[in-house]
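> Sequence first, predicted model second:
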Amino acid sequence: MLIVVDLRLPGCSDWRLDRHAILADAGADMSVASKLLSIGIVLAGVSPALAEAPFGVPAICRTAIGSIAGRDPKSIHTSLSTEGILFLTYTRPFDNFVWTYRCRVEGDRIVWASEPGRWRDDPKDDKVFFEIVADGAQLRIIRKQAGGSTKSQSFDRDMVQ
């Protein structure tokens, strides 16, 4: 995340001139200096996790399919995206059999299907959700089973991307 704060004085186009004008102005009150200091303190307090991009749809879908299939999310690859639907593949190492899945994200819900196969959006299907936790450092996949039980699995950012 990049935060840009424009601190130019009216009528001044060069930030270096603005900074020198503020510092050189003997009549400037301390409220200007304290406001500038406050901005610096606030910006310094931004969490490094927030500076990283949030988890994208491909990472969310790879992680969800990995969680459902019991596979490492990094071993699942996004192969194609069309009209909000991602196609993902997993190649089983011992025989090179390729499994293909479809995935779409609807708000915080993940809807998926094996290829070929039906979308898992029937009321009797498990519902799969995601949430970003730990100040953006983890992605949690939540599976709410039709029978009422819930399973949750958290993945650190480096396990996903």
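Okay, I see it. Note that this is a predicted model, so its numbers are computed, not measured.
> what are the phi and psi angles of L86?
Note on L86: backbone dihedrals following degrees, to the nearest 10 are phi -100, psi 140.
> Need the residues that contact stretch 60-70.
With contact meaning Cβ atoms under 8 Å, 6 or more residues apart in numbering, stretch 60-70 is reached by 55, 71-78, 86, 88, 90, 99, 101, 103-105, 110, 112, 128, 130, 139, 141, 143, 153, 155, 160. No exception for glycine: its C-beta is placed from N, CA and C like everyone else's.
> The top strand by length along the chain - contacts with which helices or strands?
Ranked by number of residues, the top strand in the chain under DSSP state E is strand 98-106. Applying 3 or more Cβ pairs under 8 Å, 6 or more residues apart in numbering; DSSP states H and E, we find strand 98-106 packed against helix 57-69, strand 85-91, strand 109-114.
> looking at the ones you listed, which is buried most?
helix 57-69 (a mean of 22; mean count of other Cβ atoms under 10 Å).
> re earlier: make TSV from the helices and strands packed on strand 98-106 and add distance to D135 and mean pLDDT to it.
Output for the helices and strands packed on strand 98-106, formatted as TSV (distance: least, Cβ to Cβ, whole Å; pLDDT from 0 to 100):
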stretch	distance to D135	mean pLDDT
helix 57-69	17	95
strand 85-91	26	95
strand 109-114	22	96
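> Serialize the ones you listed to JSON lines and add fields for distance to R120.
Shown next, in JSON lines, are those (distance: least, Cβ to Cβ, whole Å):
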{"stretch": "helix 57-69", "distance to R120": "9"}
{"stretch": "strand 85-91", "distance to R120": "13"}
{"stretch": "strand 109-114", "distance to R120": "6"}
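> now the helices for the chain?
With helices called from DSSP state H, the chain shows them at 15-24, 30-44, 48-51, 57-69, 157-160.
> hmm, back to that, pairing partners for the longest strand of the chain, with directions?
As defined by DSSP bridges, the strand partners of strand 98-106 come to strand 85-91 (antiparallel), strand 109-114 (antiparallel).
> Reformat the ones you listed as CSV; add distance to I60.
Supplementary listing: the strands paired with strand 98-106 in CSV, determined by distance: least, Cβ to Cβ, whole Å:
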stretch, distance to I60
strand 85-91, 9
strand 109-114, 7
